[in-house]
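Novice: build the 3D model from these lines:
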Amino acid sequence: MSGKNGTLLLTGGSGVMGQALIDELAGDFDLVCLRHRKPLNDQRVTEVVGDLGRDDLGLAPDQVAELGRRVDLIVHSAAATGWQAKRAAIFATNLGGTRRMLAFAARAAVP
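Specialist: Numbers count the residues shown, from 1 in each chain. Reported below is the predicted structural model:
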């Protein structure tokens, strides 16, 4: 376990919920945020560019392994919330992305 209470991997950090979680958790954890498009530009977090729509979170095998060794806890708050998005796109992100995060958590043995 690293500094503070460990290292927490957060998804969805650029959203409203994610920003609130960063504010709440930054004092207690070293935060790593998996982001896709929108940079966070927040000095309290380390950003990792990935993609919940792709296997291994869109990361190279060595990146997946390093991230798995690094994190102690995962909070998955990423979601497609656009009301004009197509149903298939929402399901792909919200269900598929959650499945991929669960697979990553299982391989890394991280809650």
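Novice: which residues of this protein fall in strands?
Specialist: With strands called from DSSP state E, the chain shows them at 7-11, 30-35, 45-49, 73-76.
Novice: list the buried residues for the helix or strand bottoming out on mean pLDDT in the chain?
Specialist: For the chain, counting by mean pLDDT, DSSP states H and E, helix 87-91 ranks last in confidence among helices and strands (a mean of 89). Of all the residues in helix 87-91, not one is buried under the rule 16 or more other Cβ atoms under 10 Å. Using the backbone N, CA and C atoms, a C-beta is placed for each residue, glycine as well.
Novice: other residues contacting that helix?
Specialist: 80, 82 (Cβ atoms under 8 Å, 6 or more residues apart in numbering).
Novice: got the CA coordinates for it in CSV?
Specialist: Taking Å, rounded to 0.1, in the frame of the first residue of the first chain, the C-alpha atoms of helix 87-91 are listed here in CSV:
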residue,chain,number,x,y,z
ARG,A,87,-29.2,3.0,-26.4
ALA,A,88,-26.5,0.7,-27.7
ALA,A,89,-23.8,3.3,-26.9
ILE,A,90,-25.1,3.7,-23.4
PHE,A,91,-25.2,-0.1,-22.8
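Novice: kind regards, and thank you for your time.
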